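J.: Model the structure of this input:
(one chain, ligands or ions: 1)
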Amino acid sequence: MSFICNEIRKNISIIEALEEYTTVDLSKSRIEKQHFNIRCPFHLDKSPSLTINTDTNSWYCWAGCGYGDIINHVSKAMNISNKLAIKLLAYDLGISNFNTQRIDIRQKAVKDFNIYCKDITENLKRKEYSLREIVANITTTTELEEIGEVYHDIAKLMYLSSLFKSDSIEDKIYAAKKTREITSHVNFKY
Ligand SMILES: [Zn+2]
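T.: Numbering: from 1, shown residues only. Prediction:
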């Protein structure tokens, strides 16, 4: 595997990997610099706390999401294993010295990602139903005031579920990212 990993690192830069495999917006970033910061796609990031090093093609999140190279960034962004990320990158970059066993690696990665998205959508639905149940069981205005936030949370969950309905993989990557952002705020204690 290490030969393939080295080939991958030689054939794609961290900038290209970010543009190709993540929803990170680099339009306002100073990508010509050796170091620059972007908003981390792995946590709700108000101020840019993910440092990109274009010299070593590595990344580091100062808020604790991790650090690493192109390969583990792609695996984290697509929520696939490192092994599958290596296969996907090798396949996409046409690194031929690699036995793909005639499997369409991209298709496998997309399939795994779609299963992950389906799991999230089911989870969101379950949460939505449990919140609706709370609303349905309100009997006093005091109770209503106490759990008024629930209405907002239901709206957020419905919004996230609707994002996952798209057929485009890019839209789903965006939906997964949004879900990570928003569910860190939705109150799931009920
Ligand atoms: Zn982070």
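J.: Where do the strands of this protein begin and end?
T.: 35-38, 50-53, 58-61, 66-69 (DSSP state E).
J.: so how far is the first one off the chain centroid?
T.: Going back to what we said before, that points to strand 35-38. 19 Å (Cα atoms, centre = their mean, to the nearest Å).
J.: The third one too?
T.: Using Cα atoms, centre = their mean, we find the averaged C-alpha position of strand 58-61 to lie 15 Å away from the chain's own average C-alpha position.
J.: what does the last one give?
T.: Computed by Cα atoms, centre = their mean, the separation of strand 66-69 from the middle of its chain amounts to 15 Å.
J.: Get me the contact residues on this structure for the ion.
T.: Applying Cβ under 5 Å from the ion, we find that the chain lies next to the ion at 40, 42-43, 61, 63, 65. (Each C-beta comes from the backbone N, C-alpha and C, glycine too.)
J.: residue contacts, R39?
T.: 24, 45-50 (Cβ atoms under 8 Å, 6 or more residues apart in numbering).
J.: go with 7 Å
T.: By Cβ atoms under 7 Å, 6 or more residues apart in numbering, R39 lies in contact with 45, 48, 50.
J.: and the gap between M158 and the ion?
T.: Distance, M158 to the ion, using Cβ to the ion, to the nearest Å: 26 Å.
J.: lowest average confidence, helix or strand, in this structure?
T.: helix 141-146 (a mean of 79; mean pLDDT, DSSP states H and E).
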